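[1] pasting the structure only:
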C-alpha cells in the first residue's frame, strides 16, 4: 500500500533559477502586528485567524486551510506531537480535520488530540479500503460495510457524529451499484453523519458529481495537477458542492531537486515538475519560506482559483511537525497570486501536459 506523505518539510536547493513573472507584492504588504515608521510600538497583535469560506450549500463554514490526517498515521507520529500539531493549528483558526478509516491509527490520534475541543472542528473521514477481519475485500463497499466503518470511525475519533463521511476513491462500477451510498445515507438518517461526499479523481469523480447524490467533492488539485479544474470543479460549483483540495502542494516535490524521490507516491508529480519547469519549483524559490517561495506559491495557487471558474473551499495539508500548520497559514495571508502568475502556470502546464496527466489518487 502506498502512503500519502505530501507534507512540507526542509527543502533542498533546486536546479537553477528560471525567469518568472512578478508575484503579487506580498512583501509590500503592511504587517498589522509591527509598528511602522513614525508610529508608537504597541503590544503585538494576535495573528489573524485563518480565513473561512462557506462550504458549498451545506451551511458549514470551513477554514481555507485544513489538516490532512494521513501522514500522522502512516508516519507513526507520536501522540504528543499530534496533540501539539492540532492544538497549535486550532489556535491559529483550523476547523477542518480530514482523515480516513485506512490511515492506520490516524483517527485514534486525532480523537485523543481534540477530545476537549471537539466542538471547535468539523471532522471529515472516509470509508472504503478498511475491511474487518474475516470479511471479503468487497465488504468495504457494501451497505453493512460502510455502516460498520462509520461506527468504527466514531469510536476511534471519540465522537457521536461526523460532519462529513466520504466514499474513498471507489470506482465507477462501485458508485453505480449504489450500496456504499446507501450506507452513507443510512448513517445520515441515524444522525451519525451530517453530510456525504466523494473523494477521488478523474471520470469516477465526474460520475459522482453528476449523480447529484453528494454534498461534497474531495479531489486532487495543485499546480502540477490541473485535470479537476475543467473536468469536475465547474460541475461541482454549479451544484454548490463543498470542495476539498487534496494534495494541494503536490507533495512538495521541489524538495527533491534532481533526485527521484524514494517514495513512489511522489514520482508522478516529480516527473511533471521537471517537464513543466515551473520557475517556482527551482532555485531560490525552493529555499524561500515566504509567500513567494515554492510552498507559498503552491498553496496560494490552489486556494485562490476563483478567477478561473474553480471553487476550492478548503485545502488539506498533512504534516508530522508541530508549528507547520501555522507556517502554512501565514503564507496564505499574502492572498491571491497575480493574474500573470496564474496564467503563466496554466500555460506552462498546457504546453506539455499529455492525456496521461490525470488527477492523482
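    Yep, it's here. If you're wondering where the values come from, they're calculated on a predicted model, not measured in any experiment.

[2] any idea how far residue 122 is from the closest residue in space to residue 61 that isn't next to it in sequence?
    Of all residues not flanking residue 61 in the chain, residue 52 sits nearest, at 4.6 Å (C-beta to C-beta, 6 or more residues apart in numbering). (C-beta placed from N, C-alpha, C; glycine too.) Distance, residue 52 to residue 122, using C-beta to C-beta, to the nearest Å: 11 Å.

[3] neighbour count winner among these two?
    Under the criterion of other C-beta atoms under 10 Å, the comparison of residue 52 against residue 122 puts residue 122 first, with 22 against 17.

[4] can you give me the neighbour number for the spatially closest residue to residue 272 that is not a sequence neighbour?
    Leaving aside its sequence neighbours, residue 272 sits nearest to residue 224 (C-beta to C-beta, 6+ apart; 4.5 Å). When neighbours are counted by other C-beta under 10 Å, residue 224 registers 29.

[5] tell me the pLDDT at residue 224?
    Note on residue 224: pLDDT of 97.

[6] list the contacts for it?
    By C-beta atoms under 8 Å, 6 or more residues apart in numbering, the contact list for residue 224 reads 250, 253, 269, 272-273, 276, 278, 349.

[7] among these, which pair sits farthest apart?
    Greatest spacing in those, by C-beta to C-beta: 253 and 349 (14.8 Å).

[8] more neighbours: which of the two?
    Shown here are residue 253 and residue 349; by other C-beta under 10 Å, residue 253 has more neighbours (25 against 19).

[9] now that one: phi and psi?
    Main-chain torsions, residue 253, degrees, to the nearest 10: phi -70, psi -10.

[10] please report how far it lies from residue 305.
    Using C-beta to C-beta, residue 253 is found at 20 Å from residue 305.

[11] which stretches of this protein have low pLDDT?
    Applying pLDDT under 70 to the chain picks out residues 1-48, 306-310.

[12] what are the boundaries of the helices in the chain?
    Remark: helices assigned in the chain by DSSP state H are 70-74, 79-91, 106-113, 143-157, 172-177, 179-189, 202-210, 227-231, 233-238, 267-276, 284-287, 294-303, 324-332, 339-352.

[13] JSON lines please, covering those helices and showing distance to residue 196.
    Putting the helices of the chain into JSON lines (distance: least, C-beta to C-beta, whole Å) gives the following:
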{"stretch": "helix 70-74", "distance to residue 196": "21"}
{"stretch": "helix 79-91", "distance to residue 196": "25"}
{"stretch": "helix 106-113", "distance to residue 196": "18"}
{"stretch": "helix 143-157", "distance to residue 196": "10"}
{"stretch": "helix 172-177", "distance to residue 196": "12"}
{"stretch": "helix 179-189", "distance to residue 196": "4"}
{"stretch": "helix 202-210", "distance to residue 196": "10"}
{"stretch": "helix 227-231", "distance to residue 196": "19"}
{"stretch": "helix 233-238", "distance to residue 196": "14"}
{"stretch": "helix 267-276", "distance to residue 196": "29"}
{"stretch": "helix 284-287", "distance to residue 196": "39"}
{"stretch": "helix 294-303", "distance to residue 196": "24"}
{"stretch": "helix 324-332", "distance to residue 196": "27"}
{"stretch": "helix 339-352", "distance to residue 196": "32"}
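
[14] can you tell me which of the ones you listed is packed in deepest?
    Burial of the helices of the chain is given as mean neighbour count (mean count of other C-beta atoms under 10 Å); helix 294-303 ranks first at a mean of 26.

[15] what packs against it?
    The elements that helix 294-303 packs onto, with contact taken as 3 or more C-beta pairs under 8 Å, 6 or more residues apart in numbering; DSSP states H and E, are helix 284-287, strand 314-317, helix 324-332, helix 339-352.

[16] closest to residue 96 out of those?
    Comparing these by C-beta to C-beta, strand 314-317 comes nearest, at 5.0 Å.

[17] just to revisit the earlier point, to residue 99, which of the helices of the chain lies closest?
    helix 106-113 (4.7 Å).

[18] packing partners of that closest one?
    On the basis of 3+ C-beta pairs under 8 Å, 6+ apart, helix 106-113 makes packing contacts with helix 70-74, helix 79-91, helix 143-157.

[19] would you list those in TSV and tack on distance to residue 183?
    Formatted as TSV, these follow (distance: least, C-beta to C-beta, whole Å):
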stretch	distance to residue 183
helix 70-74	22
helix 79-91	28
helix 143-157	3
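
[20] these: which one's closest to residue 131?
    Using C-beta to C-beta, the nearest of these to residue 131 is helix 143-157, at 7.2 Å.

[21] quick revisit: backbone phi and psi for the residue nearest to residue 272, please?
    phi -120, psi 10.

[22] what about it, distance to residue 247?
    Residue 224 is 9 Å from residue 247, where distance means C-beta to C-beta.

[23] what sits in contact with each of those two?
    With C-beta under 8 Å, 6+ apart, residue 224 and residue 247 have common neighbours residue 269.
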